[in-house]
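Take this sequence and fold it.
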Amino acid sequence: MTAISRISTNTPWEPIVGYSRLVRAGDIVAVSGTTATDERGLIVGAGQMYVQARQALVNIRAALERAGLAMHHVIRTRMFVTDMGRFADAARAHREFFADSPPASTVVEVRRLANPDMMIEIEADAYAGAANSQPAGSVAATTAPKPPMKSAKKPASKKPSRRK
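All right, here's what the predicted structure looks like:
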């Protein structure tokens, strides 16, 4: 049986809600929904989607580093935004952190987050296994083998059989 470890970042929300910033169960790592708060728990970048997205990703990176991981270990992100019209700003920040090792990702518009000044919340899942120890941007980590091409031959025509 694999041990489960939890990392708290002592943000004001963790004891109120009862969650850990990061939970590691073997090679699987889950980073809780993370917003644009600074080390004092204050929201950064009010009204600025890019600034908030970037701060949330900085916070995710810090949690991963405490667990001995890096952003290239992230295999999936989920972004919850309060205004899909500002998607390009959120995407720009995401691309800056993941351009060399893009994870699977989802973006969903939500009506609101825990604080009305919050515009984005980001979750991340990471894989900490030995097979994923390649640095970001390596060919083996980003290139999948191509399936063989099928020829474009016409199917053989069948003559209709005549029943007697």
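
hey, let's count contacts and neighbours off CA atoms from now on
Will do.

Show me what the longest helix anywhere in the chain is in contact with.
Looking across the chain with DSSP state H, the single longest helix is helix 49-66. Helix 49-66 is contacted from outside by 7, 9, 21-22, 31, 34-38, 44-46, 70-71, 86, 89-90, 92-94, 97, 118-122, 124, using C-alpha atoms under 8 Å, 6 or more residues apart in numbering.

Could you rerun that using 7 Å?
Contacting residues not belonging to helix 49-66 are listed as 22, 31, 34-36, 44-45, 70-71, 86, 89-90, 93, 119-120, 122 [C-alpha atoms under 7 Å, 6 or more residues apart in numbering].

Repeat that for stretch 100-112.
With C-alpha under 7 Å, 6+ apart, stretch 100-112 has contacts from 72, 74-84, 136-137, 142.

Buried residues in that stretch, which are they?
100-103, 107 (16 or more other C-alpha atoms under 10 Å).

Who's the closest spatial neighbour of Val107, skipping the chain neighbours?
Met79 (4.7 Å; C-alpha to C-alpha, 6 or more residues apart in numbering).

Please report how far that neighbour lies from Ile4.
25 Å (C-alpha to C-alpha, to the nearest Å).

which one of these two has more residues nearby?
Met79 (23 against 11; other C-alpha atoms under 10 Å).

So for that one, what pLDDT did the model give?
We have a pLDDT of 98 for Met79.

Then the one 5 residues further on?
If you check Met84, the pLDDT there is 98.

phi, psi of the residue nearest to it when sequence neighbours are not counted?
Closest residue in space to Met84, ignoring its immediate chain neighbours: Glu109 at 5.8 Å, by C-alpha to C-alpha, 6+ apart. For Glu109, the backbone dihedrals are phi -90, psi 130 (criterion: degrees, to the nearest 10).

If Glu109 is in a bridge, with which residues?
Here Glu109 sits in beta bridges with Val81, as judged by DSSP bridges.

Next one: it from Thr34, what distance?
Taken as C-alpha to C-alpha, the span from Glu109 to Thr34 is 16 Å.

List the contacts of the residue most central in space within the chain.
With distances taken as C-alpha atoms, centre = their mean, Thr77 lies nearest the centre of the chain, 1.5 Å away. Residues near Thr77 by C-alpha under 7 Å, 6+ apart: 103-106, 122-125.

Of those residues, which belong to strands?
Residues of those located in strands (DSSP state E): 104-106, 122-125.

Could you dump these into JSON lines with distance to Ala53 and pLDDT added?
Supplementary listing: the ones in strands among the contacts of Thr77 in JSON lines, determined by distance: C-alpha to C-alpha, whole Å; pLDDT from 0 to 100:
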{"residue": "Ala104", "distance to Ala53": "17", "pLDDT": "98"}
{"residue": "Ser105", "distance to Ala53": "14", "pLDDT": "98"}
{"residue": "Thr106", "distance to Ala53": "14", "pLDDT": "98"}
{"residue": "Ile122", "distance to Ala53": "8", "pLDDT": "98"}
{"residue": "Glu123", "distance to Ala53": "11", "pLDDT": "98"}
{"residue": "Ala124", "distance to Ala53": "13", "pLDDT": "98"}
{"residue": "Asp125", "distance to Ala53": "17", "pLDDT": "98"}
